[in-house]
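*Asks:* Provided below for reference: sequence and predicted model.
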Amino acid sequence: MKAETDICIIGAGPVGLFAVFELGLLDMKCHLIDILDRPGGQCAELYPEKPIYDIPAYPIISGQELTDKLMEQIAPFDPVFHFDQMAIRLEKLEESERFPQGGWRVTTDQDAVIDCKVVVIAAGGGSFTPKKPALEGIEDYEGSSVFYSVRQMEKFRGKNILIAGGGDSALDWTLNLQPLAASTGLIHHRDGFRAAPDSVNKMEKLVADGKVAKHIAKLKALKGSNGQLEAVIAGSKETGDFEIPCDTLLAFYGLTMKLGPVGGFGYEVKDGLIPVDTEKFETSTPGIFAIGDINWYPGKLKLILSGFHEAALMAQQAFRICFPDRRLRFQYTTSSTDLHNKLGVAAE
């Protein structure tokens, strides 16, 4: 996939989403890349129901509610999302009519190519990376018969799948893949699940109907050759070790945060963070900005509301790069008829 836009935002957490709003007010179009399968970043992935108390005007709001409100707020600006993808390469473009100052090309691990005038790093603590089962030789099977995410369901049609984990991801994919798979198994170290009760109930119904095999045991080893899985060795005190035939293992053991490829895009990185100025929140490379938890400057506070402030100032400089021949006029959203029209609301 090849696309052109004004701004490419790496990270679709709350700060990246609010940046779409600030940039949209100034007529800049945005594409966003996120390794997760939905917007919200840490708020949606790690604590969707956890209350947040320091968002202005909301005495209390959950991570998912905040994400939903931000998505509603940016809807008039039609951002384009590239979910389930990681930005892995950043290249400087030559000057052209479309990109008079050169611009940037961002490439993802799913071969999406986005040419843009400005890059904004809003990746929070970095990329979410999966926690892997501690199984000898698992790397030999990764990408061929061992997976930590589902990006294309059809890829698993007709497979003999074993899903490992006890959270929402494990249960959701058990339910969604069961109709496609030749056989479906679920393995968890205890007979208790951290997923939504409705999902647990639906899974137990499939088990009772003989459509899903549930194993209360721990993964012990993998059996196969040349990257192709034949079975998983599992075991518990009650059962001892036993084999579970399967050709595909999906492991959902949670996520950790790492800076990932964005740490090697050419700008200065210090102790896993990206230093920026406090006027524009620009990195050491002109035209590349960093906002939110991933940046650093003296007095930095890792708060969502701080990231919102950074997004607003970043947008002012991004405008100057995107539209060097246009004058930037600061306007309050309460008094601009043009802005009211953009947002689809009536002016007072």
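*Replies:* Perfect, I can see it now. Residues are numbered from 1 along each chain as shown.
*Asks:* rest of the way, CA atoms for contacts and neighbours
*Replies:* Noted.
*Asks:* L23 belongs to a helix?
*Replies:* Yes - the assignment for L23 is a helix, going by DSSP: H, G, I helix; E, B strand; the rest coil.
*Asks:* ok, how many other residues are close to it?
*Replies:* Close neighbours of L23, defined as other C-alpha atoms under 10 Å, add up to 23.
*Asks:* likewise Q152?
*Replies:* By other C-alpha under 10 Å, the residues close to Q152 number 9.
*Asks:* so M86 sits right up against D111, yeah?
*Replies:* No - under the criterion of C-alpha atoms under 8 Å, M86 is not in contact with D111, lying 9.8 Å apart.
*Asks:* tell me the SS of K214?
*Replies:* The three-state label given to K214 by three-state DSSP is strand.
*Asks:* and it, how many residues sit next to it?
*Replies:* Neighbours around K214, by other C-alpha under 10 Å: 20.
*Asks:* can you give me the neighbour number for G137?
*Replies:* Residues near G137, counting by other C-alpha under 10 Å, number 12.
*Asks:* spatially nearest residue to it (excluding sequence neighbours)?
*Replies:* Nearest residue to G137 in three dimensions, chain neighbours excluded: L222, at 7.9 Å (C-alpha to C-alpha, 6 or more residues apart in numbering).
*Asks:* for the strand or helix carrying that neighbour, what is the average pLDDT?
*Replies:* Taking DSSP states H and E as the criterion, L222 maps to strand 218-225. What strand 218-225 shows for mean pLDDT is 96.
*Asks:* so what are the sheet partners of that strand and their directions?
*Replies:* strand 228-236 (antiparallel) (DSSP bridges).
*Asks:* if we can go back for a sec, show residues contacting the strand holding L222.
*Replies:* With contact meaning C-alpha atoms under 8 Å, 6 or more residues apart in numbering, strand 218-225 is reached by 133, 135-138, 187-189, 229-236.
*Asks:* now do 10 Å
*Replies:* 133-138, 140-141, 145-146, 164-165, 187-190, 228-237, 241-247, 249 (C-alpha atoms under 10 Å, 6 or more residues apart in numbering).
*Asks:* so how far is it off the chain centroid?
*Replies:* 29 Å (C-alpha atoms, centre = their mean, to the nearest Å).
*Asks:* so which bits of it are buried?
*Replies:* With burial defined by 16 or more other C-alpha atoms under 10 Å, the residues of strand 218-225 counted as buried are K218, L219, K220, A221, L222, K223.
*Asks:* per-domain residue ranges of this structure.
*Replies:* Domain assignment for the chain, taken from automatic domain parsing, gives 2-128+256-343, 132-253.
*Asks:* what is the mean pLDDT for the longest one?
*Replies:* Per-residue pLDDT values over domain 2-128+256-343 give a mean of 90.
*Asks:* F99 versus E65, what's the distance?
*Replies:* According to C-alpha to C-alpha, to the nearest Å, E65 stands 37 Å off from F99.
*Asks:* which stretches of the stretch 151-300 of the chain form helices?
*Replies:* 168-177, 197-208 (DSSP state H, counting those that start in this stretch).
*Asks:* look at M86 and D111 and report which has more neighbours.
*Replies:* M86 (24 against 14).
*Asks:* residue contacts, the more buried one?
*Replies:* By C-alpha under 10 Å, 6+ apart, the neighbours of M86 are 10-11, 33-36, 107-112, 127-128, 260-262.
*Asks:* repeat for L249
*Replies:* Neighbour list for L249: 141-142, 144-148, 159-164, 185-186, 222, 229-232 [criterion: C-alpha under 10 Å, 6+ apart].
*Asks:* sweet, I'm off.
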